[in-house]
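> kindly generate the corresponding structure for this input.
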Amino acid sequence: MAAFSTTSARSTDMAKLLLIGRLGKDPEVRYTKTNKEYVAYTIATTNTTPTAEGVQPTTTWHYVLSFQPSSINYLRSLKRGSLVYAEANFELRQPDPNADPDSSEGQRQIFLRHESIRVLRQPPKDKEDDDTE
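I've put the predicted structure just below:
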């Protein structure tokens, strides 16, 4: 018999998202309002949906933020198009009832906080790089 707990969340509770996809662009270093450095990057994943005409691919863009100082230099070195495996903590933020419904604060948001990333495959070389030899 399985147990179900109705106690409040503990520090050991978590929601994690595992992604395998391609970096949509080079990771970007940004700064918070309090001048704290962080890195933002996007991962594109593609799923397929059966349709009457066959299979329709659908791309989803995942926006991930890293506030880990130890990861910043590594993330800076990653390039657009790299196939990566990433782990991120997942948080669903409810809309601010006082915000404009058309603003990001007025809408439900998924917040992905970087935990780890591993490059599975480097991006294909650009033709321009090959022409410089």
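
> low pLDDT regions in the chain?
1-11, 126-133 (pLDDT under 70).

> got the contact list for the helix or strand hosting Ala40?
Taking DSSP states H and E as the definition, one finds Ala40 inside strand 37-51. Applying CB atoms under 8 Å, 6 or more residues apart in numbering, the contact partners of strand 37-51 are 19-25, 27-32, 55-67, 69, 71-72, 75-76, 78, 84, 86, 114. C-beta here means a position set from N, CA and C on the backbone, and glycine is covered the same way.

> ok, now stretch 96-114?
Applying CB under 8 Å, 6+ apart, the set of residues contacting stretch 96-114 is 17, 39, 41, 62-68, 71, 75, 86, 88-95.

> from start to finish, how long is that stretch in a straight line?
24 Å (CA to CA, to the nearest Å).

> off-centre distance for that stretch?
Here stretch 96-114 is found 16 Å from its chain centre; the criterion is CA atoms, centre = their mean, to the nearest Å.

> all helices of this protein, in order?
72-77, 127-131 (DSSP state H).

> which positions in the longest one come out as buried?
When neighbours are counted by 16 or more other CB atoms under 10 Å, the buried residues of helix 72-77 are found to be Leu75.
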